[in-house]
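>>> coords please:
(one chain, ligands or ions: 2)
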Amino acid sequence: MTDTTAAAPKARVKIFDTTLRDGEQSPGASMTLEEKIQIAQLLDEMGVDIIEAGFPIASIGDFEAVSAIAERTDRAVIAGLARASRGDIDRAWEALRHAKRPRIHTFIGTSPLHREHQLSMSKEQVLEKIRETVSHARNLCEDVQWSPMDATRTETDYLCETVALAIECGASTINIPDTVGYTAPRESADIIRILRERVPGIDAVTISTHCHNDLGMATANSLAAVEAGARQIECTINGLGERAGNTALEEVVMAMRVRGDIMPFATEIDTTRIMQASRLVAAVSGFPVQYNKAIVGKNAFAHESGIHQDGMLKHAGTFEIMRPEDVGLTESNLVMGKHSGRHAFKTRLAELGYELGDNQLQDAFVRFKALADRKKEVYDDDLIALVEESTAQAAAERIKVKFLRVICGTEAPQSADMILEIDGVDHRQTSNGDGPVDAAFNCVKALVPHNARLALYQVHAVTEGTDAQATVSVRMEEDGKIVTAQSSDTDTVVASARAYVHALNKLLTRREKTAPVALVSGD
Ligand code: KIV
Ligand code: ZN
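Ligands and ions are numbered 1, 2, ... in the order given. Sure thing, here's the model as predicted:
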């Protein structure tokens, strides 16, 4: 493989991850507090420079997440988003103030469309707001980032004027958002170049790029901005984000690493944690990664055609520009069977990035043995699904699926017989349905009456073969709150029932924050 990483000194590019803010804004991707903390911890460990933990004024949940992450994070800067209002900025600061390294990120729309239709403000009024709010943020926090929303559709002269003012008022990072994914690489670079040529004081601040992927150019636009002088990239794991998503962290980081010969830029990301982060964000958000997604897709390192396989056997460099290990993929796929012991199991999990406590390890090992009995070959992806399932089971859930038997086939009605353990007591129910999954869900609805709407039900096979485990994702909505949960099992109906019950438990946890809830009548 050609070594392209040597040679000239590289300029440092900071990675600003907004998975927990812009990523979570994507409809249906909402995460619980514990999930956000888990993701933030991993981002911190893998070397992300700035973690945008949320939008504190948006909801109590966002506020709590930003505060909790701020308190727990040692290394990364923690940012909280605020609109151009004192109330937003004060709330952001309240959530951030205990962070070792807090950053207030405030923004306002600057394009004609945003000024006229969203804000109903003149150019002068927007400038006045920038003066007031950036100065206010700077009085509270030393580290202030300012963004002209829809910058790429803003008149160039006016954009320069707003940026100059934000710098004058104390912003130390200027972020240039391509809010609607409209720009293209050459234009993205030109904007940065013009700002550097025309704005007084710009050399003293960090220029950042924030691209959306509506035309599939977010990665290219971000890298073009860096070539023109931006030194911070805003991005998300798996490119999660509103509409077509944001710039994918794994793509920009690996592009700069693999093509260091023509893009001499360095980050501090430990790329071997990329797959772990991708899996975690996919599981938590319920947004599976497309098979052919660059870097983290299931097929990104798979070689199917005869010519490619032949080349790969002779020299990996013939058809592979990066090594699977560099992004945290372990080489072999078939790892374990029913004769594998606890030590091998623990070691393999550690290689995959999972360090489990004693109880959880024991639980996962018991599940592994049961799986290995049912399934001849246990692959890495099976182990990962199994650990995710054990983590969900380990959560203090009030409702658990204890028993499930279904009758299904060509003769209707399909039916399910289920025992749910609810607050430690077993409850049994038999229900019919339009198919076994519907019947199982009807049992849950009868035992735990609720008004939550099933917004998404999705099944995918973890590995190949008819004995493959199925991972089921379920998204439920209640009073505008959305939760996502997953479960895996070789039996799709069991995985479906468990995923449904996990989601219900998450909704209960949310409801309990407002008032305790009795689950079964008479409780
Ligand atoms: O896309 C955008 O404009 C944003 C800003 C809030 C930075 O996410
Ligand atoms: Zn955005």
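
>>> tell me how far the closest residue to ligand 1 within the stretch 251-400 of the chain lies from Met275.
In the stretch 251-400 of the chain, the residue that lies nearest ligand 1 is Val252 (16.1 Å; CB to the nearest ligand atom). Using the backbone N, CA and C atoms, a C-beta is placed for each residue, glycine as well. Val252 is 16 Å from Met275, where distance means CB to CB, to the nearest Å.

>>> looking at these two, which is more packed in?
Val252 (28 against 22; other CB atoms under 10 Å).

>>> helix or strand for the more buried one, which one?
Using DSSP states H and E, Val252 sits in helix 249-258.

>>> paired strands for the following helix or strand past that helix, with orientation please.
Sequence-wise, the next helix or strand downstream of helix 249-258 (DSSP H and E) is strand 265-266. Sheet pairing for strand 265-266, assigned by DSSP bridges, gives strand 11-12 (parallel).

>>> who's in contact with the strand it pairs with?
Identification of contacts with strand 11-12 by CB atoms under 8 Å, 6 or more residues apart in numbering yields Arg231, Pro264, Phe265, Ala266, Thr267, Glu268.

>>> now do 10 Å
For strand 11-12, the surrounding residues in contact (CB atoms under 10 Å, 6 or more residues apart in numbering) are Asp49, Val226, Gly229, Arg231, Gln232, Met256, Met263, Pro264, Phe265, Ala266, Thr267, Glu268.

>>> do a quick rundown of the helices in the stretch 351-500 of the chain.
358-374, 380-394, 436-447, 492-514 (DSSP state H, counting those that start in this stretch).

>>> export these as JSON lines, with columns for distance to Met217.
Formatted as JSON lines, the helices of the stretch 351-500 of the chain follow (distance: least, CB to CB, whole Å):
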{"stretch": "helix 358-374", "distance to Met217": "42"}
{"stretch": "helix 380-394", "distance to Met217": "31"}
{"stretch": "helix 436-447", "distance to Met217": "39"}
{"stretch": "helix 492-514", "distance to Met217": "35"}
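
>>> flag every residue of this structure that's near ligand 1.
Asp22, Phe107, Ser147, Met149, Asn175, Pro177, Thr179, His210, His212 (CB under 6 Å from any ligand atom).

>>> who wins for most neighbours among these?
Greatest neighbour count in the residues of the chain next to ligand 1, by other CB under 10 Å, goes to His210: 28 neighbours.

>>> am I right that it sits in a strand?
Yes. Checked against DSSP: H, G, I helix; E, B strand; the rest coil, His210 lies within a strand.

>>> wait, what's in contact with it?
Here His210 is in contact with 16, 18, 22, 107, 147, 149, 151-152, 175-179, 218, 221-222, 225, 230, 232-235, 246-247 (CB under 10 Å, 6+ apart).

>>> next one: Gly337
Ala344, Ala372, Lys375, Lys376, Glu377, Val378.

>>> any chance of those residues in TSV, plus neighbour count?
What follows is the contacts of Gly337, written out as TSV (neighbours: other CB atoms under 10 Å):
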residue	neighbour count
Ala344	13
Ala372	18
Lys375	18
Lys376	11
Glu377	16
Val378	23
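
>>> show the contacting residues for the residue of the stretch 251-400 of the chain closest to ligand 1.
Val252 sits in contact with 13, 15, 209, 211, 218-220, 222-223, 226, 233-235, 263, 265, 267, 269, 295, where contact means CB under 10 Å, 6+ apart.

>>> can we see that at 6 Å?
Thr219, Ser222, Ile233, Cys235 (CB atoms under 6 Å, 6 or more residues apart in numbering).

>>> point me to the residue of the stretch 351-500 of the chain nearest ligand 1.
Taking CB to the nearest ligand atom, the stretch 351-500 of the chain has Ile482 as its residue nearest ligand 1, at 19.6 Å.

>>> I figured that residue was touching Ser30, is that so?
Yes. With contacts counted by CB atoms under 6 Å, Ile482 reaches Ser30, the gap being 4.8 Å.

>>> who has more neighbours out of the two?
Set Ile482 next to Ser30 and count neighbours by other CB under 10 Å: Ser30 wins out with 24 against 21.

>>> before we move on, which element is that one in?
Using DSSP H and E, Ser30 falls outside every helix and strand.

>>> before we move on, back to that, determine which two of the residues of the chain next to ligand 1 are furthest apart.
Phe107 and His212 (14.1 Å; CB to CB).

>>> phi and psi next, for the spatially most central residue of the chain.
Among the residues of the chain, the one closest to the centroid is Val281, at 3.8 Å (CA atoms, centre = their mean). Reported as degrees, to the nearest 10, the phi and psi values for Val281 are phi -70, psi -40.

>>> look up how far Ile202 lies from the nearest residue to it once chain neighbours are set aside.
Nearest residue to Val281 in three dimensions, chain neighbours excluded: Ile237, at 4.3 Å (CB to CB, 6 or more residues apart in numbering). Ile237 sits at a distance of 30 Å from Ile202 (criterion: CB to CB).

>>> bridged to Gln458, which residues?
Beta-bridge partners, per DSSP bridges, of Gln458: Ser473.

>>> surely it and Val474 touch.
No. Checked against CB under 6 Å, the pair Gln458 and Val474 is beyond contact range at 7.8 Å.

>>> so between the two, which is more surrounded?
Val474 (26 against 15).

>>> quick one: residues contacting that one.
Each residue near Val474 by CB under 6 Å, 6+ apart is listed here: Tyr457, Ala485, Ala499, Tyr500, Ala503.

>>> likewise Arg131?
When contacts are counted by CB under 6 Å, 6+ apart, Arg131 is found next to Cys169.

>>> tell me which element it falls in.
helix 123-140.

>>> next one: that helix to chain centre, how far?
31 Å (CA atoms, centre = their mean, to the nearest Å).

>>> tell me the buried residues in that helix?
Within helix 123-140, the residues that count as buried by 16 or more other CB atoms under 10 Å are Val126, Leu127, Lys129, Ile130, Thr133, Val134, His136, Ala137, Arg138, Leu140.

>>> show the pLDDT at the closest residue to the third one other than its chain neighbours.
Closest residue in space to Lys129, ignoring its immediate chain neighbours: Ala84 at 4.7 Å, by CB to CB, 6+ apart. At Ala84, the predicted lDDT confidence score is 98.

>>> got it, and Gln393?
67.

>>> what do you get for Ala385?
Taking Ala385 on its own, its pLDDT is 83.

>>> now the one 4 residues further on
Predicted confidence (pLDDT) for Glu389: 76.

>>> what number of residues lie near Glu197?
Glu197, neighbours per other CB under 10 Å, totals 10.

>>> in a helix, it, correct?
Yes. Following the definition three-state DSSP, Glu197 is counted among the residues of a helix.

>>> quick one: it from Trp146, how far?
In terms of CB to CB, Glu197 sits 19 Å off from Trp146.

>>> Cys61: what's it in contact with?
No Cys there; residue 61 is Gly. Contacts of Gly61 by CB under 6 Å, 6+ apart: none found.

>>> host element of it?
helix 60-72.

>>> got the buried residues for that helix?
Gly61, Asp62, Phe63, Glu64, Ala65, Val66, Ser67, Ala68, Ile69, Ala70.

>>> stretch 274-289 now?
For stretch 274-289, a neighbour-count test (16+ other CB under 10 Å) marks 274-289 as buried.

>>> which two of the residues you listed have the greatest separation?
Within the buried residues of stretch 274-289, two members stand farthest from each other by CB to CB: Ile274 and Gly286, at 19.9 Å.

>>> related to what we said a few turns ago, which of Ile237 and Ile202 has more residues huddled nearby?
Remark: of Ile237 and Ile202, Ile237 carries more neighbours, 31 against 19, as counted by other CB under 10 Å.
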